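Chemist: Everything below, folded, please.
(chains A and B)
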Amino acid sequence: NEELWVQSVLEMPKRRDILAIVLIVLPWTLLITVWHQSTIAPLLAVHKDDGGDSRRDLAAGLDSKEYCLSDRDIVEVVRTEYVYTRPPPWSDTLPTIHVITPTYSRPVQKAELTRLANTLLHVPNLHWILVEDSQRRTALITRLLRDTGLNYTHLNVETPRNYKLRGDMRDPRIPRGTMQRNLALRWLRETFNKNNSQPGIVYFADDDNTYSLELFEEMRSTRKVSVWPVAFVGGLRYESPRVNAAGKVYGWKTVFDPHRPFAIDMAGFAVNLRLILQRSQAYFKLRGVKGGYQESSLLRELVTLNDLEPKAANCTKILVWHTRTEKPVLVNEGKKGFTDPNVEI
Amino acid sequence: PPQPPEAALPTIYAITPTYSRPVQKAELTRLANTFRQVARLHWILVEDAAARSELVRRFVAAAGLPCTHLHVPTPRRYKRPGLPRATEQRNAGLAWLRQRHQHLPPPQPGVLFFADDDNTYSLELFQEMRTTRKVSVWPVGLVGGRRYERPVVENGKVVGWYTGWRADRPFAIDMAGFAVSLQVILSHPKAVFKRRGSQPGMQESDFLKQITTVEELEPKANNCTKVLVWHTRTEKVNLANEPKYRLDTVNIEV
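Modeler: The predicted structure is shown next:
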């Protein structure tokens, strides 16, 4: 009995060891299997000529035997017919999208405009109207616009400062970006003739929002004013127009003041250029505008609720996000500034 | 300058850890819009998740660029403030690359870098990193409590670090400030981001120590005097008005 007992004691740790090893190895084998499976992406079905193209993607030096062996390991390298010229060639048939972006100098400005430009560079027939809140057009923006290769117009107008407070505080009664957007509207009216201008769409794009490429294609078919949902506004995941079965906008799905004439964010609508030119006195109201009523102050001069065209699958898809960028921590610059001010950020 | 024909271009691998939060899809969208402008870029997206999420799966399927979708969850004990984040995810990206090239002869040249999903990348940065022979470095904007941090360069060699935090680190550089050639990653199969024995803020330094020396570093961006990448961070969104009850009748993804 004692012998048996000793034998089983000796055996037990061995069984436990085996169990331990199995428990350690099993998740890894599962994980690796799953990783392998992930490499056979569903993209295979979407693009034509995958087999040939992925072979071309691998180094020309490999012989075919290696291709066969590694086929299961190789992730599908999707061969998109992407032409890396920026921006896309101008088309005679597409309406031009005039994107109006007010901008102001602060540490993240160049970063914001860079990533916005990276998006805009995908969009055919896009005209970027960048309006600086400044006394003069700055070198930073001049260089940035030139380097992007985009079709652009560079304007500037300075929001008056409120000298009653500290000298460099802007007048708080004028919402940020208003004068800049209005200047762009005026530029459009002075540049284009309402009788024989090329078709165009006007869109107000703040420099810190995020735009999907699909959004620009949705707005291109705007006849008067089109609308769609916007994420991260009004304290919600998204705000959206209410659309009835007939495809007409009849209200606004918001928590914050849904009874505004147009309870919509700046990023949630686009206007046909013809309408801008026809209603040549329609501008954003400069002063005395309640919070959240900026957009209404322009839209009520242009269109009624009934005329609104819902986009983004009858306003059920999110194609634009009202992201905001954190103010960067620059505490280590100190009072006098530590880094070289000539190095542009 | 005329670009070499596409087949000859080294592939750029961008390893991006990502995690679920309201702005995730927005961040990935604008990052993809940048990456799609870059020739021969392969995106390695690693979710901090126990399983692939529907949102990212659908996003990857429509992203329009070569993309590998991985996932590995961060163990709960490492999810404390002050502890380094995305370690497991970056290591998963490295493991995938090593696994993929295991059976092939010396691969086509490639460069990999770690692209967090909220940073901002200029297109010029990719041109600069593509010529990396071993490990290249450049300035990063809006990090270390200052407008930028950068390696200090003399006669084409890195001789020090212009940084807001612990300049005594062997490599006082942010995750967004360097790229490594695929060859170096494959020839150092044990080089990973460490948890054990790694202090916060030492992630980059501890990693680079395993694969290179300061003398070997290749300075880019005009001898590290131009900022081509910014360590931007996105504000947490205000969802104060989301209802607790009486939710919407449709389920719309943001």
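
Chemist: where are the low-confidence patches of chain B?
Modeler: B:1-7, B:104-107, B:197-198, B:245-251 (pLDDT under 70).

Chemist: And the helices in it?
Modeler: Using DSSP state H, the helices of chain B run over B:24-35, B:54-61, B:87-100, B:123-129, B:182-187, B:203-209, B:221-224.

Chemist: Between those, which one is closest to residue A:187.
Modeler: Taking Cβ to Cβ, helix B:24-35 is the member of the helices of chain B nearest to residue A:187, at 26.6 Å. The C-beta positions use only the backbone N, C-alpha and C, and glycine is treated the same way.

Chemist: What lies in contact with the closest one?
Modeler: A:115, A:118-119, A:122, A:210-213, A:231-232, A:318, A:321, A:323, B:14, B:16, B:18, B:41, B:43, B:45, B:55-56, B:59, B:63-65, B:115, B:117-118, B:121, B:123, B:234, B:253-254 (Cβ atoms under 8 Å, 6 or more residues apart in numbering or on different chains).

Chemist: In strands only, show me those residues.
Modeler: The strands, defined by DSSP state E, take in A:210, A:211, A:231, A:321, B:14, B:16, B:18, B:41, B:43, B:45, B:121 from the contacts of helix B:24-35.

Chemist: partner residues bridging the last one?
Modeler: Read that as residue B:121. Beta-bridge partners recorded for residue B:121 (DSSP bridges): residue B:229.

Chemist: ok, now the first one?
Modeler: Under DSSP bridges, the beta-bridge partners of residue A:210 are residue A:321.

Chemist: go on, the fifth one?
Modeler: When assigned by DSSP bridges, residue B:14 has beta-bridge partners residue B:43, residue B:113.

Chemist: Could you pull up the contacting residues of it?
Modeler: Listed by Cβ under 8 Å, 6+ apart, the contact set of residue B:14 reads B:35, B:41, B:42, B:43, B:44, B:112, B:113, B:114, B:115.

Chemist: State the distance from it to residue A:19.
Modeler: 41 Å (Cβ to Cβ, to the nearest Å).

Chemist: Quick check: of the ones in strands among the contacts of helix B:24-35, which has the highest neighbour count?
Modeler: residue A:231 (28 neighbours; other Cβ atoms under 10 Å in any protein chain shown).

Chemist: so that residue makes contact with residue A:317?
Modeler: No - applying Cβ atoms under 8 Å as the test, residue A:231 and residue A:317 come out as separate, 10.5 Å apart.

Chemist: Not counting sequence-adjacent ones, nearest residue to the residue of the stretch 151-254 of chain B found nearest chain A?
Modeler: Nearest residue of the stretch 151-254 of chain B to chain A, counting by Cβ to the nearest Cβ: residue B:241, 3.3 Å away. Distance criterion Cβ to Cβ, 6 or more residues apart in numbering or on different chains; nearest residue to residue B:241, sequence neighbours excluded, is residue A:235 at 3.3 Å.

Chemist: again, but for residue B:130
Modeler: Nearest one to residue B:130, counting by Cβ to Cβ, 6+ apart, is residue B:10 at 5.5 Å.

Chemist: contacting residues for the one you found?
Modeler: Applying Cβ under 8 Å, 6+ apart, the residues contacting residue B:10 are B:40, B:108, B:109, B:110, B:111, B:130, B:131, B:132, B:182.

Chemist: If we use 10 Å, what do you get?
Modeler: Residue B:10 sits next to B:4, B:40, B:107-111, B:129-132, B:181-183 when contact means Cβ atoms under 10 Å, 6 or more residues apart in numbering or on different chains.

Chemist: buried subset of these?
Modeler: The neighbour-count criterion (16 or more other Cβ atoms under 10 Å in any protein chain shown) marks B:40, B:107, B:108, B:109, B:110, B:111, B:129, B:130, B:132, B:181, B:182, B:183 among the contacts of residue B:10 as buried.

Chemist: For those, work out which two are farthest apart.
Modeler: Once Cβ to Cβ is applied, the buried ones among the contacts of residue B:10 give B:107 and B:129 as the farthest pair, at 17.1 Å.

Chemist: these two touch, right, residue B:60 and residue B:46?
Modeler: No - counting by Cβ atoms under 10 Å, residue B:46 is not a contact partner of residue B:60; they are 11.5 Å apart.

Chemist: between the two, who's got more neighbours?
Modeler: Neighbour totals were compared for residue B:60 and residue B:46, and residue B:46 leads with 26 against 22 (other Cβ under 10 Å).

Chemist: what sits against the nearest residue to that one once chain neighbours are set aside?
Modeler: Once flanking residues are discounted, residue B:46 sits nearest to residue B:89: 3.9 Å by Cβ to Cβ, 6+ apart. Taking Cβ under 10 Å, 6+ apart as the criterion, residue B:89 is in contact with B:15-19, B:44-49, B:70-74, B:114, B:193.

Chemist: from these, which would you call buried?
Modeler: B:15-19, B:44-49, B:70-72, B:74, B:114, B:193.

Chemist: give the contact list for residue B:157.
Modeler: Counting by Cβ under 10 Å, 6+ apart, residue B:157 has contacts B:151, B:214, B:215, B:216, B:217, B:218, B:219, B:223.

Chemist: So residue A:189, which state does it fall into?
Modeler: On the three-state scheme (DSSP: H, G, I helix; E, B strand; the rest coil), residue A:189 is labelled helix.

Chemist: That one is in contact with residue A:277, isn't it?
Modeler: Yes - the pair residue A:189 / residue A:277 is scored as a contact, 6.0 Å apart, by Cβ under 10 Å.

Chemist: can you give me phi and psi for residue A:333?
Modeler: Main-chain dihedrals, residue A:333, degrees, to the nearest 10: phi -70, psi -30.

Chemist: what's the distance between the residue lying closest to it once chain neighbours are set aside and residue A:126?
Modeler: The shortest distance from residue A:333 to any non-neighbouring residue, by Cβ to Cβ, 6+ apart, is to residue B:146 (5.3 Å). Applying Cβ to Cβ, the value for residue B:146 to residue A:126 is 35 Å.

Chemist: Also residue B:60?
Modeler: Counting by Cβ to Cβ, the gap from residue B:60 to residue A:126 is 26 Å.

Chemist: Number of residues surrounding residue A:179?
Modeler: Neighbour number of residue A:179 under other Cβ under 10 Å is 22.

Chemist: Would you agree it is in contact with residue A:134?
Modeler: No - between residue A:179 and residue A:134 there is no contact under Cβ under 10 Å: 11.3 Å.

Chemist: tell me, what's touching these two both at once?
Modeler: Common neighbours of residue A:179 and residue A:134 (Cβ under 10 Å, 6+ apart) are A:157, A:158, A:159.

Chemist: Pull the contacting residues for the first one.
Modeler: In this case it means residue A:157. Contacts of residue A:157 (Cβ under 10 Å, 6+ apart): A:102, A:131-135, A:179-184, A:186.

Chemist: what's the burial count for the closest residue to it other than its chain neighbours?
Modeler: Spatial nearest neighbour of residue A:157, chain neighbours left out: residue A:183 (4.7 Å); criterion: Cβ to Cβ, 6+ apart. Look at residue A:183: counted by other Cβ under 10 Å, it has 19 neighbours.

Chemist: Show the model's pLDDT score for residue A:183.
Modeler: Predicted confidence (pLDDT) for residue A:183: 98.

Chemist: what do you get for the one 5 residues further on?
Modeler: Note for residue A:188: predicted pLDDT of 97.

Chemist: Which element, helix or strand, includes the residue nearest to it when sequence neighbours are not counted?
Modeler: Once flanking residues are discounted, residue A:188 sits nearest to residue A:276: 5.9 Å by Cβ to Cβ, 6+ apart. If you go by DSSP states H and E, residue A:276 is part of helix A:273-278.
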